[in-house]
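**Q** Just a sequence and a predicted model for now, questions to come.
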Amino acid sequence: MDASRFVGTEPLPAGSPIDSARLHRYLRANMDGCEGELSIERFRGGQSNPTMLLRFDGKPGLVLRKKPDGKLLPSAHAVDREFRVITALRDTDVPVARARLLCEDESVVGTMFYVMDYVVGRSFWAPSLPEQSAAERRAIYMEMNRVAAVLHNTDYKAVGLESFGKPGDYVRRQVARWTTQYRASETGTIDAMDRLIEWLPGNIPPGRRTSLMHGDFRIDNMLFHPTEPRVLALVDWELSTLGEPMADFAYHMLTWRLPNKPYRGLGDLDIAELGIPDERHYRDAYLRASGQEGVSDRDWYTYLAYSLFRVAGIRQGIMKRVVEGTALSPHAREAGALARPVAELGWQYAELAMKS
């Protein structure tokens, strides 16, 4: 896969509804540091909330995240929740970009948006980290592991996020939510999704504890220091909430299970040669750092099946936008088309759970 298609920025597409002059007037009237000529570029990659780099006199200064245009599913693309959580985490050990401004006036760029500081760092699209040495890969992975534990150990009540979600019964509520979202975005029948929708509610592991969850914790949602294996900002908080940390971490660890193509996984790569920790070592390091007990094979496979069910629901939402003509990313169709194979893999893990 050509990573250049997903990393960096590109000009806004022709016909973009964003009026740069109107946006510039709004920013100058509501915050400091927005003087100079404004230019706007779109970040490549990502399928959900459009993200733009705002340059002033050619220098990168801010990042804008907005809801997509067009009719949206209820509760989806909640950029106001993203703004709230990164604002709350500003003075914690969880690395985030500094939130600057939330705009609920849809007349400015067409939808609600927020802006945050631009973080200078490295973005890795391929989990195999082909340009790094084995030692660098290991250090980067263990840094991700550390950040996951720090996030899940954060006292969400102390930072004002007690009402950010409902404590307890997280996975059950998420299954119900994503079932509703999936049904609202169906473009065809996926038998594996139907089976998961029937099986998951009766096989959810008992909840362990409530933590702040990122919801999309993966390597390409992190910005690393330009030269050090250190995360400077965890980004894309659209799916964040309060919930079961093992569900958040199991989603992150799908990378070890999925093949390199078309999922950018590690499942068919020699990770020992690459210097990447194996699944058991990586998971156990997280469990120790986050103060959680081990999980049974049945529960672990169920968390994986749930995670894939959720990914399939997200992919189906992308395909719905493709069908309706509101998907902005040129790669949206191929991303949405993965809903079926992801659901089928999820059902395979459900079957493994039943055998455990």
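**A** Received it, and whenever you're ready, just let me know what you need. Because the structure is predicted, anything quoted here is derived from the model rather than measured.

**Q** all contacts plus neighbour counts: C-alpha atoms, from now on.
**A** Noted.

**Q** Give me the distance between the nearest residue to Asn49 once chain neighbours are set aside and Asp105.
**A** Of all residues beyond its chain neighbours, the one nearest Asn49 is Lys67 (5.2 Å), with distances taken as C-alpha to C-alpha, 6 or more residues apart in numbering. Per C-alpha to C-alpha, to the nearest Å, Lys67 is found 12 Å from Asp105.

**Q** my read: Glu238 touches Arg84, true?
**A** No - taking C-alpha atoms under 8 Å as the contact criterion, Glu238 and Arg84 are not neighbours in contact, 10.5 Å apart.

**Q** Between those two, which is the more surrounded one?
**A** Remark: of Glu238 and Arg84, Glu238 carries more neighbours, 20 against 16, as counted by other C-alpha atoms under 10 Å.

**Q** ok, for that one, nearest residue in space, not its chain neighbours?
**A** Excluding its sequence neighbours, the residue lying closest to Glu238 (C-alpha to C-alpha, 6+ apart) is Glu82, at 5.4 Å.

**Q** what sits against the one you found?
**A** With contact taken as C-alpha atoms under 8 Å, 6 or more residues apart in numbering, Glu82 is in contact with 236-238, 240.

**Q** how about those residues, which pair is most distant?
**A** Within the contacts of Glu82, two members stand farthest from each other by C-alpha to C-alpha: Asp236 and Ser240, at 8.7 Å.

**Q** if I've got this straight, Arg42 is in a strand?
**A** Yes - counting by DSSP: H, G, I helix; E, B strand; the rest coil, Arg42 is located in a strand.

**Q** do you know how far it is from Trp199?
**A** In this structure, Arg42 and Trp199 are 40 Å apart, going by C-alpha to C-alpha.

**Q** And for Asn221?
**A** On the measure of C-alpha to C-alpha, Asn221 and Trp199 end up 30 Å apart.

**Q** Give me the more crowded residue out of the two.
**A** With neighbours defined as other C-alpha under 10 Å, Asn221 and Trp199 compare such that Asn221 has more, 17 against 14.

**Q** OK, contacts around that one?
**A** When contacts are counted by C-alpha under 8 Å, 6+ apart, Asn221 is found next to 123, 234-236.

**Q** do Arg137 as well
**A** Under the criterion of C-alpha under 8 Å, 6+ apart, the contact list for Arg137 reads 129, 274-276.

**Q** Check which residues of the host helix or strand of it are buried.
**A** Secondary structure here is read from DSSP states H and E; on that basis Arg137 sits in helix 134-153. Residues of helix 134-153 classed as buried: 134, 136-153 (neighbour count, 16 or more other C-alpha atoms under 10 Å).

**Q** Report the mean confidence score over that helix.
**A** Averaged across helix 134-153, the pLDDT comes to 98.

**Q** Check which element follows it along the chain.
**A** Using DSSP H and E, the helix or strand that follows helix 134-153 in sequence is helix 170-185.

**Q** Report the buried residues of that following helix.
**A** Buried-residue list, helix 170-185, by 16+ other C-alpha under 10 Å: 170-172, 175, 178-179, 181-183, 185.

**Q** before we move on, what about stretch 90-105?
**A** 94-103.

**Q** One more: stretch 63-70?
**A** Applying 16+ other C-alpha under 10 Å to stretch 63-70 flags 63-69 as buried.

**Q** So which residues of the stretch 1-150 of the chain form strands?
**A** The residue ranges that make up the strands of the stretch 1-150 of the chain, judged by DSSP state E, counting those that start in this stretch, are 9-11, 38-43, 51-56, 59-66, 99-103, 113-117, 122-123.
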